[in-house]
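J.: sequence first, then the predicted structure:
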Amino acid sequence: MEKTLILIKPDAIEKRLTGVILDRIESLGLQLASAKVAVVTEKLAREHYANLAGTPFVDNVVKFMMGNFNNIENRRVYAFVYKGEDAIAKVRHIIGVTDPDKADPWTIRGQFGQKKNGVIQNCVHASGSQEDAEREIALWFKPEEIVE
Ligand SMILES: Nc1ncnc2c1ncn2[C@@H]1O[C@H](COP(=O)(O)OP(=O)(O)OP(=O)(O)O)[C@@H](O)[C@H]1O
């Protein structure tokens, strides 16, 4: 059993894609273990993207996650923990690779992602490895918020 963190990013919220994205994830047969509307502070965004520190685009990615480039209220993202067998790889498969131009056209990022304001706006985050998932879930959720 693996757990994975999924974030519906500000571009997807603005485009009203939450239902579409969740429908596809639900079709994978995973179990929802937690869900919340999260307010994204700069500290939280920088910690989430600690691996991007020092890149030329990190500041724009942080601004993007805080909702600065999209018309949404209250700097929000929607956060979910899903669990199940091979949950991490299954979700990554259907969301597609980081760059929407390179993602398979049928994937969420291939269909709905775009490059805008110097940042890749790719609708959804999903953990890339078990180590990332543990770190990210601890960042976005308290242990008692996860239903085992
Ligand atoms: N070359 C780039 N130019 C602009 N933005 C980028 C670039 N590479 C990554 N990003 C932005 O940084 C985010 C994190 O990049 P990362 O390499 O962790 O990819 P990812 O794991 O596919 O994405 P995420 O962590 O958001 O799910 C991307 O989602 C994108 O918004």
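T.: Perfect, thanks for sending it.
J.: from here on, just use CA atoms for contacts and neighbour counts.
T.: Fine.
J.: any idea which helix or strand carries residue 94?
T.: Per DSSP states H and E: residue 94 is located in helix 87-95.
J.: right, is that helix up against the ligand?
T.: No. Judged by CA under 6 Å from any ligand atom, helix 87-95 stays clear of the ligand, getting no closer than 8.4 Å.
J.: toward the C-terminus, what is the element adjacent to that helix?
T.: Following helix 87-95 in sequence order, the next helix or strand is helix 108-112 (DSSP H and E).
J.: helices or strands up against that following helix?
T.: Secondary structure elements in contact with helix 108-112, counted by 3 or more CA pairs under 8 Å, 6 or more residues apart in numbering; DSSP states H and E, are helix 87-95.
J.: what mean pLDDT would you report for the helix it packs on?
T.: Mean per-residue pLDDT for helix 87-95: 98.
J.: what's that helix in contact with?
T.: Outside of helix 87-95, the residues within contact range by CA atoms under 8 Å, 6 or more residues apart in numbering are 1-4, 24-25, 28, 30, 107-110, 124, 126-130.
J.: cool, and stretch 133-143?
T.: The contact list for stretch 133-143, computed with CA under 8 Å, 6+ apart, reads 3-5, 38, 44, 47-48, 79, 81, 127.
J.: how close does residue 122 sit to the ligand?
T.: 6 Å (CA to the nearest ligand atom, to the nearest Å).
J.: do the same with residue 138
T.: The value you get for residue 138 to the ligand, if CA to the nearest ligand atom is used, is 15 Å.
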